[in-house]
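Visitor: Need the 3D shape of this:
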Amino acid sequence: MPARLTKHQYEMQKETLEQEIRGIDIDILNNKKIIKQNEFKASQWDVKKSEETIRKARLGYEIAKVGNDIQEEKLTQLKDQHSFEKFATGVNRKQLAVNAETMLLQLAESQQTLKEAKELFQLKFGVAANVNVPRLGG
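Guide: Now for the predicted structure:
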């Protein structure tokens, strides 16, 4: 059987126990507060992690963009080189045609000069021009 307590002793023990319970309640509330703080810290890390995910995606985009810009520049350079070579080929072709026409004109001029020289020779020397003159070198 429990020991007999006076009303004052009872009130004292009851008050002591209630104070201990209130202290435990405060400790529980402190623990809940710590849990909430930890959840908040974890959510801050989640935010930072999502920011890094965004950064990673942005970097991937930038890398792809730079790669595409490089490819586009290479294509532009190749097109420019092709256009230049095509133009140069056209110029060379025209130059060859001009050279050929010049040579044909020179040949026609030489033939005309030769014809005129023969005619002058025949006019000047008449019948004697029909005499076979040996050719040099052939």
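Visitor: so where do the helices sit in this protein?
Guide: Using DSSP state H, the helices of the chain run over 7-125.
Visitor: For it, give me the ranges with low pLDDT.
Guide: 1-2, 127-134, 137-138 (pLDDT under 70).
Visitor: try 90 this time
Guide: 1-5, 121-122, 124-138 (pLDDT under 90).
Visitor: Give me the number of neighbouring residues for residue 122.
Guide: 13 (other CB atoms under 10 Å). To be clear about C-beta, it is placed using only N, CA and C from the backbone, and glycine gets the same treatment.
Visitor: what about it, distance to residue 115?
Guide: Note on residue 122: its distance to residue 115, by CB to CB, to the nearest Å, is 11 Å.
Visitor: What of residue 62?
Guide: Taking CB to CB, one finds residue 62 at 78 Å from residue 115.
Visitor: do the same with residue 54
Guide: 90 Å.
Visitor: swap in residue 18?
Guide: Residue 18 is 143 Å from residue 115, by CB to CB.
Visitor: what's the answer for residue 71, then?
Guide: Residue 71 sits 65 Å away from residue 115, going by CB to CB.
Visitor: Kindly report the same for residue 93.
Guide: Distance, residue 93 to residue 115, by CB to CB: 33 Å.
Visitor: try residue 109
Guide: Distance, residue 109 to residue 115, using CB to CB: 11 Å.
Visitor: For residue 5, give me its contacts.
Guide: For residue 5, the contacting residues are residue 13, by CB atoms under 8 Å, 6 or more residues apart in numbering.
Visitor: Only alpha carbons, please: show stretch 29-38 as PDB.
Guide: The C-alpha atoms that make up stretch 29-38 are tabulated as PDB, following Å, rounded to 0.1, in the frame of the first residue of the first chain:
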ATOM      1  CA  LEU A  29       7.900  21.400 -29.000                       C
ATOM      2  CA  ASN A  30      11.700  22.100 -29.300                       C
ATOM      3  CA  ASN A  31      12.100  18.800 -31.200                       C
ATOM      4  CA  LYS A  32       9.200  19.700 -33.500                       C
ATOM      5  CA  LYS A  33      10.800  23.100 -34.100                       C
ATOM      6  CA  ILE A  34      14.200  21.500 -34.900                       C
ATOM      7  CA  ILE A  35      12.400  19.000 -37.300                       C
ATOM      8  CA  LYS A  36      10.700  22.000 -39.100                       C
ATOM      9  CA  GLN A  37      14.000  23.900 -39.300                       C
ATOM     10  CA  ASN A  38      15.600  20.800 -40.800                       C
END
